[in-house]
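J.: Please work out how this folds:
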Amino acid sequence: MSLKDQLKEDMKAAMKAREEGKVALSVIRMVNSAIKNTEINDKVELDDNGILGILAKEMKTRQDSLAEFEKAGREDLIETIKAEMAVLQKYMPAQLTEAEIRQIVEEAIKACGNDVNMGNVMKHVMPHTKGRADGKVVNTIVKELLG
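T.: Numbering: from 1, shown residues only. Take a look at the predicted model:
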C-alpha cells in the first residue's frame, strides 16, 4: 500500500474515532494538503519518495517549533507538538543510526574518487538518507570525515 493510500485510510479511521482522532485527523489533512499543493505547483504525481520528503519537512518544522516552545516554557504547545510528531512518525521510515550514516558517508567519499569536496559528498549521501536522517547530523559527519 502506498503512503498516499495509507494516509487516506488513516484519515477515515481518524474521522470515525471522532474526539480521539482529532490530532491525527488535523495532521493527516495538513500532510494531504501539502502533498496536493506540491503536486499542483510542480505538475507531477508524487511517489512515496516525494511524500517522504514532505513528511520529513513537516517533522523538521515541528522539531524546530518544539525547541522554541521548550525555550519559552509553553507546556500546552509542547504537548500538542509532541502529539503531532507522534502521528507523523508513523509514516516515517526508521531513522538511521550514526554508524549507518558514517558508513554511507564513507562510501560516498570513495565514490567521489579524486573530486572529494563537501558538495559532491553531500550530493551522493542525501538520496540515501532522505527522510531517514537529520540533515544537520549528516552534515556534521561529512565535515568530520572530510576534515
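
J.: Work out for me the element the residue nearest in space to the middle of the chain sits within.
T.: For the chain, the residue nearest the mean C-alpha position is residue 56 (1.5 Å; Cα atoms, centre = their mean). Here residue 56 is covered by helix 48-72, with elements defined by DSSP states H and E.

J.: next helix or strand past that helix?
T.: Under the assignment DSSP H and E, the closest C-terminal helix or strand after helix 48-72 is helix 75-89.

J.: Compute the inter-axis angle for that following helix and helix 48-72.
T.: Calculated by axes from the mean of the first three to the mean of the last three Cα atoms, to 10 degrees, helix 75-89 forms an angle of 160 degrees with helix 48-72.

J.: Count the neighbours of residue 145 for me.
T.: 14 (other Cβ atoms under 10 Å). From N, CA and C alone the C-beta is placed, and that goes for glycine too.

J.: List the residues that contact the residue lying closest to it once chain neighbours are set aside.
T.: Once flanking residues are discounted, residue 145 sits nearest to residue 105: 5.5 Å by Cβ to Cβ, 6 or more residues apart in numbering. Counting by Cβ atoms under 8 Å, 6 or more residues apart in numbering, residue 105 touches 121, 125, 138, 141-142, 145.
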